[in-house]
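In: Give me the fold of what follows.
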Amino acid sequence: ENLVKPENKQTLVKILYHHVTTSALSDDMFSDGMDLGMVEGRVMIKKENGEMWVDGAKVIGAVRATNGWVYVIDAVLVPKSE
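Out: Alright, predicted model coming up:
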């Protein structure tokens, strides 16, 4: 509730941008230990036993979109500066 207050708009924008990359990457393009730039900040990719994590959040699904991919994760990614 706190993030949707007008005075916290910039913080919410930073968190949302930390979930977006400018590249349309399919699952096979990610590698274990990959450092991936996001619109806001960077994340670390981990791949093991056919599963993938983004900064500790498990990828639980992927949906092809017209302009790339949407990866469903089980947590909110918060930029290190927040």
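In: Could I get the pLDDT score of the residue most central in space within the chain?
Out: The centroid of the chain falls nearest to H19 when counting by C-alpha atoms, centre = their mean (3.5 Å). H19 carries a pLDDT value of 96.
In: That one: what's it in contact with?
Out: H19 sits next to M38, L77 when contact means C-beta atoms under 8 Å, 6 or more residues apart in numbering. C-betas here are computed from N, CA, C, even on glycine.
In: Now with 6 Å, please.
Out: L77 (C-beta atoms under 6 Å, 6 or more residues apart in numbering).
In: Tell me how far D55 lies from A24.
Out: For D55, the distance to A24 (C-beta to C-beta, to the nearest Å) stands at 20 Å.
In: who's more crowded, those two?
Out: Between D55 and A24, counting by other C-beta atoms under 10 Å, D55 is the more crowded of the two (19 against 12).
In: What does the more buried one show for phi and psi?
Out: Phi and psi for D55, reported as degrees, to the nearest 10, are phi 50, psi 40.
In: Quick check: chain neighbours aside, which residue is closest to it?
Out: V43 (4.6 Å; C-beta to C-beta, 6 or more residues apart in numbering).
In: do the same with E40
Out: In space, E40 is closest to Y17, 3.6 Å off (C-beta to C-beta, 6+ apart).
In: neighbours around that neighbour, how many?
Out: The tally of other residues near Y17 (other C-beta under 10 Å) stands at 14.
In: repeat for V4
Out: 8.
In: Could you check how far the residue nearest to E40 is from E51?
Out: In terms of C-beta to C-beta, Y17 sits 25 Å off from E51.
In: Report all helices and strands that the strand ranked longest in the chain contacts.
Out: For the chain, the strand that runs over the most residues, judged by DSSP state E, is strand 57-65. In terms of contacts (3 or more C-beta pairs under 6 Å, 6 or more residues apart in numbering; DSSP states H and E), strand 57-65 is packed against strand 68-73.
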